[in-house]
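Colleague: model the structure of this input:
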Amino acid sequence: MKIKLAYLVLAGAALLSSNNAWSWSMKGETVLFNSKEKDYCEAASMDAASTMYSRQMGEPLEYLYPAYSDTHKMMRVQYIRMAQNFPIENSEEKKMAVGEKFSINIKKTCYMYLMSSQPESSPE
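Modeller: Below you'll find the predicted structure:
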């Protein structure tokens, strides 16, 4: 599953990385991402959270904003497939926890992909 997600993130980043605005950097031992990279991974995280919330609560899936590209639509489809592999939890607390964990994992995967697919740039 993570490989499929990484592939989708790769495809999305490839489409969006046509300019040089994409380039993480290091400051000491801290990884710094620019606002475009942060927004990209935050959008992925929000979509994942919406997807898992819908699955866990049994409610219709609604996103906070429309998909901005065909790749973004494909990523959302992949999140739906991934979410279907999680059992429906029996308490509100557990449902929220699984959604948060899913969202965090998607965001981490996004940042890890950005670091592995692009060279480090100089800090701003």
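
Colleague: sec struct for Tyr68, please.
Modeller: At Tyr68, secondary structure determined by DSSP: H, G, I helix; E, B strand; the rest coil is coil.

Colleague: centroid residue for this protein?
Modeller: What sits nearest the mean C-alpha location of the chain, by C-alpha atoms, centre = their mean, is Ala44, with 2.9 Å.

Colleague: residues contacting it?
Modeller: Val9, Met75, Ile106, Lys107, Cys110 (C-beta atoms under 8 Å, 6 or more residues apart in numbering). Placement of C-beta: from N, CA and C, glycine included.

Colleague: next one: it from Gln84, what distance?
Modeller: 18 Å (C-beta to C-beta, to the nearest Å).

Colleague: for the longest helix along the chain, which helices and strands make contact with it?
Modeller: Ranked by number of residues, the top helix in the chain under DSSP state H is helix 92-117. Packing partners of helix 92-117 (3 or more C-beta pairs under 8 Å, 6 or more residues apart in numbering; DSSP states H and E): helix 2-16, helix 35-57, helix 70-83.

Colleague: pLDDT below threshold where in the protein?
Modeller: Residues of the chain meeting the criterion pLDDT under 70: 1-22, 122-124.

Colleague: so what's the residue lying closest to Ala48 once chain neighbours are set aside up against?
Modeller: In this structure, Ala48 finds its nearest non-sequential neighbour in Ile106, 3.9 Å apart by C-beta to C-beta, 6 or more residues apart in numbering. Neighbouring residues of Ile106 by C-beta under 8 Å, 6+ apart: Leu5, Ala44, Ser45, Asp47, Ala48, Tyr79.

Colleague: the fourth one against Met75, yeah?
Modeller: Yes - applying C-beta atoms under 8 Å, one finds Asp47 in contact with Met75, separated by 6.9 Å.

Colleague: which residues are in contact with each of those two?
Modeller: With C-beta under 8 Å, 6+ apart, Asp47 and Met75 have no common neighbours.

Colleague: all set now, cheers.
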